[in-house]
Each structure stands twice: as C-alpha cells, then as structure tokens.
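Asks: I'd like to go over a predicted model; first the sequence, then the structure.
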2 protein chains.
Amino acid sequence: MTRTIILYGLALAVLVSLMKYLEYQFLVRALSTEFYMGIIALGFTALGIWAGLKLTTKKIVTVQVGPEFVLNEAELQRLGLSKREHEVLELMAQGLTNQQIADKLFVSLNTIKTHSSNLFLKLEVSRRTQAIQRGKELRLIP
Amino acid sequence: MTRTIILYGLALAVLVSLMKYLEYQFLVRALSTEFYMGIIALGFTALGIWAGLKLTTKKIVTVQVGPEFVLNEAELQRLGLSKREHEVLELMAQGLTNQQIADKLFVSLNTIKTHSSNLFLKLEVSRRTQAIQRGKELRLIP
DNA sequence: TCTTAAATCACCCGTTCGGGTGAATTAGTT
DNA sequence: AACTAATTCACCCGAACGGGTGATTTAAGA
C-alpha cells in the first residue's frame, strides 16, 4: 500500500512536469488549447484508472465463507405459502409463542392460530418444532 | 457493465462541458493557468479512479464450505448438560413430542419431562423452540 | 361483475408442554 | 461408608398448542 502511494506520487510528479512542459510549449509556441487540455485530461484519466486499480486490487480478494441465507422462493411458491404464513414461520423459529407472534404482528391470537394451522397443513407437519425443521431444510427461513 | 459505460460517458460529457466553461473563463477573465490546470487534473483523476473501480470486474471467489457439524464440547461442559439432556435436546430438535422421545429412549414421559425441565434451566430458556434455537447457535446440535 | 385467495377473528375441545415438588435407584467419588 | 450427580418416575396445575368449524372483509383476477 505504501509503495503504491509512493508510485502514485512519482507518477503525479512526472505528469505535473509534463504539464508544466506543455504549459511552456503552450505559451511559447501557442499550441492548440484543445490539444493541450486533451493531453492533460487523458493523462490524468489514465493515472486515475491506474491508481484506482492499484489501490483496490487487494480488497477484491475478499473471500466469502459464511453460509449466506438465500430464500428458496421456488419452494415458497410450490407450497403456496402466503406472506403471513411465512412471517409466522419465521417468528416461530425464533422461539416465540403464538401470543407473542400475535402481539408482534398486531393481530389476535386466533389469527395466528389460523395461520399456523394452515402453515402446518402446507408443510405437512403437525407441530411447530417440525415446521421449523422443515422450514430450515427447505431454506424458507435462515 | 453497459450502464457503467453509459454513466462514464455522461460523466465525461459533464467534465468536458466544465472544461469548456473553464476554458471560456480562462480566455475571458484570464484565470490563473495553474488553477485551471489543477481543476482539470483533479477532475479527470477522480473520474479515472471512479471509472477504474467501476470497470474492474470484481472476481469474488465464493467458496462454499459444507456445514460440517462439530460438537461444541466446551459449551456442553460449561453448561453442565448431562448425556440424557443432550439426547433429549437432539430429539426435540427433530420435532418429536416428549412422548415420542420417551418411547425412543425407553423411559417414561415423566422422565423426559424432568430432563427437559432441567435442560431448559441450563439453557436459560422456557420453551422447546427456544431450546432448539439456543442449541443450534451454541453448536450443541447439528 | 363475479370469483377467489388472503387475512382477520371467534369458540370449542382435547393434547402437549412447562413448572413445581417429591422421591427412589444407581454409579462414581471421596 | 457417606456423598454426589445422574437417571428414573409420579402427581398436580395452568399455560400453550393443534384441530375443527364457521364467519367477515378486503384485494386481486377472470
């Protein structure tokens, strides 16, 4: 990293010198302004690209190991799980009781019971612990 | 990628316009040449860095490591979980009822209830779903 | 417009669960 | 031999859960 910065500084110095030289040419020989600007723009763009690459190349080596959860939407649809049912499943897996889920979703306990019943039917299970297991293996929940 | 190129083009257009504007100012009001050059150099360096970053194809090597379960024996001991309690936790996580666990371990339902009660105390939870969650996060069960 | 799926809520009933208490047996340690 | 931890079992009670049925409202689609 330090070396990169030093190199960048050197390159900058070279470019600035070139700029000064061109500036001199500009004053003495009356070079085309557009040409002059073009050179400078090109030079610094190139320098920028190069610096940008150098300064980040090492960051790109970031290796992902974590099991990064991706929802299995195909399975969600196949089973026909509704949004609410999916939410309830998720909260169940967090160890909440039906009453706590009801409070969290601002609905009544009976509503949650209905959702969970339908959920169990669709997942073909009969207990919440099984639903959680199933939900995890089907990647419906993290 | 295509969008990046388009964006780059737009940015370039903006910068060129700015350059032209400055050029005009330069001719009319005789701005400091160094100042003018500095602005252009800065602008294009920044543009170059940005373009360099955007255009670089990020080769993120995603290495998927199998979940390979390793029991956390240190935690097992720290919590003082007995063999039976551990077994019960495992079967709970498989979605079995206390009665089913009792049958599988050839003991009475009451015994399993005792084990699960102690288990909950040690895991500091109050429901089996929470116990499962805790057991998984502490790597006591797969 | 008619139909359908989703979401909401209610009541009943039986099962399962969790907490509390108490107790007997066994195996290992001191 | 005394002590301890682990395992086993029992009973009680209230809370939580699951299953079944029925009903209303609302949003979306045919």
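Replies: Ah, there it is.
Asks: tally of neighbours for A:Gln133?
Replies: 18 (other CB atoms under 10 Å in any protein chain shown). In short, each C-beta sits where N, CA and C put it, glycine included.
Asks: per the record, what domains does chain A have?
Replies: Annotated domains of chain A cover A:2-61, A:73-137 [automatic domain parsing].
Asks: Pick out the shakiest of the ones you listed, pLDDT-wise.
Replies: Looking at the domains of chain A, the lowest mean pLDDT belongs to domain A:2-61 (a mean of 63).
Asks: interface residues of chain A facing DNA strand C?
Replies: Counting by CB under 7 Å from any atom of the strand, the positions of chain A adjacent to DNA strand C are A:80, A:82-85, A:105, A:107-111, A:113-115, A:127.
Asks: Please pick the buried ones from those residues.
Replies: The neighbour-count test (16 or more other CB atoms under 10 Å in any protein chain shown) marks A:Arg84, A:Glu85, A:Thr111, A:His115 as buried among those.
Asks: can I get the residues you listed in CSV with distance to B:Gly66?
Replies: Shown next, in CSV, are those (distance: CB to CB, whole Å):
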residue, distance to B:Gly66
A:Arg84, 34
A:Glu85, 30
A:Thr111, 40
A:His115, 34
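Asks: DNA strand D: which of those is nearest?
Replies: A:Thr111 (8.8 Å; CB to the nearest atom of the strand).
Asks: From A:Asp103, how far out is the closest one?
Replies: Relative to A:Asp103, A:Thr111 is positioned 12 Å away (CB to CB, to the nearest Å).
Asks: quick one on the thing from earlier: which single one of the residues of chain A next to DNA strand C is nearest to B:Pro67?
Replies: A:Arg127 (24.2 Å; CB to CB).
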